[in-house]
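Undergrad: Kindly return the folded structure for what I paste below:
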Amino acid sequence: MLSMPALCWLCRLPLQMAQHGLCTPCMRQLPALPLLCPRCGLPAANVRQPCGRCLQKPPAWQALICVNSYRPPFSLWVNQLKFSRVTALRVMLARLLLLSWLDVYRRGNLPRPDLLLSVPLHRRRRWQRGYNQTDLLAAPLAHWLGCEWGTGLHRLRQGALQHQLNARQRRSNLRGAFRLEMAVRGRHIALLDDVVTTGSTTEEISRLLLAQGAASVQVWCLCRTL
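TA: Next up is the predicted model:
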């Protein structure tokens, strides 16, 4: 019996490299990002130096890597992965995230992570969804990078859905919401999330990791709301 060929997630034509998920022409047609600050990941004039916002009030993490802004087709893929159980997207999205990180890493101003951590879901929400979408990204990334993928970060309380809150409510909703149950002292950590909007979640976790002795924290996300 012949197996069905893997299809490009955009044009639906057969792929020569099934694990890539996108054909070369579609990769070239993906919308380009504007210049982004390497620290906060928001639009800036320089991709090598922190923006004025970060000079005045830097985020807790040291760098933010994103695949693109929250717009089609990326927003569609994130929602399919997160809410529609289209978990077959995980390898393609993880590869796009790896390529985005490599592009920054080759400039020579980022440490290579030795530990990947996923932004955790509360156990009730994970049970309702059936999986944590960022865990699906972490597994192939850890394999490709040859680094550890940790599971010692936990969410203690569910709280309100972050996308339903304003920036001040998001910060309040997350205060004391996470617990770390693994040693991170001296380690360079990549913290994985699907979408970073205000950065409240990644800020809270980054502060926790750095307080426990992490050498650095990079935030890796599929989409950054610009």
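
Undergrad: And the closest residue in space to residue 73 that isn't next to it in sequence, how far from residue 216?
TA: Once flanking residues are discounted, residue 73 sits nearest to residue 10: 6.4 Å by Cβ to Cβ, 6 or more residues apart in numbering. In this view, the C-beta of every residue, glycine as well, is placed from N, C-alpha and C. Using Cβ to Cβ, to the nearest Å, residue 10 is found at 35 Å from residue 216.

Undergrad: other SSEs contacting the longest helix along the chain?
TA: Longest helix of the chain, by residue count under DSSP state H: helix 90-105. Under the contact criterion of 3 or more Cβ pairs under 8 Å, 6 or more residues apart in numbering; DSSP states H and E, helix 90-105 touches strand 63-69, helix 74-83, helix 133-145, strand 216-224.

Undergrad: Could I get the pLDDT score of residue 170?
TA: For residue 170, the model assigns a pLDDT of 57.

Undergrad: out of the helices and strands packed on helix 90-105, which comes closest to residue 151?
TA: Proximity to residue 151 (Cβ to Cβ) singles out helix 133-145 among these, at 8.2 Å.

Undergrad: Note down every partner strand of the helix or strand following that closest one and its orientation.
TA: Downstream of helix 133-145, the first helix or strand assigned by DSSP states H and E is strand 148-150. Strand pairing for strand 148-150, determined by DSSP bridges: strand 115-118 (parallel).

Undergrad: residues in contact with the helix or strand that the strand it pairs with is followed by?
TA: Using DSSP H and E, the helix or strand that follows strand 115-118 towards the C-terminus is helix 123-129. Residues from elsewhere that reach helix 123-129 (Cβ atoms under 8 Å, 6 or more residues apart in numbering): 82-83, 120-121, 132, 155, 158.

Undergrad: re earlier: burial measure for the residue nearest to residue 73, as a count.
TA: Residue 10 has 16 neighbouring residues, counting by other Cβ atoms under 10 Å.

Undergrad: how close does it sit to residue 95?
TA: Residue 10 is 14 Å from residue 95, by Cβ to Cβ.

Undergrad: again, but for residue 207
TA: Taking Cβ to Cβ, one finds residue 207 at 30 Å from residue 95.

Undergrad: what about these two, which has more around it?
TA: residue 95 (19 against 15).

Undergrad: what about the helices and strands packed on helix 90-105, which gets the closest to residue 176?
TA: By Cβ to Cβ (comparing all of those), the closest turns out to be strand 216-224, at 18.5 Å.
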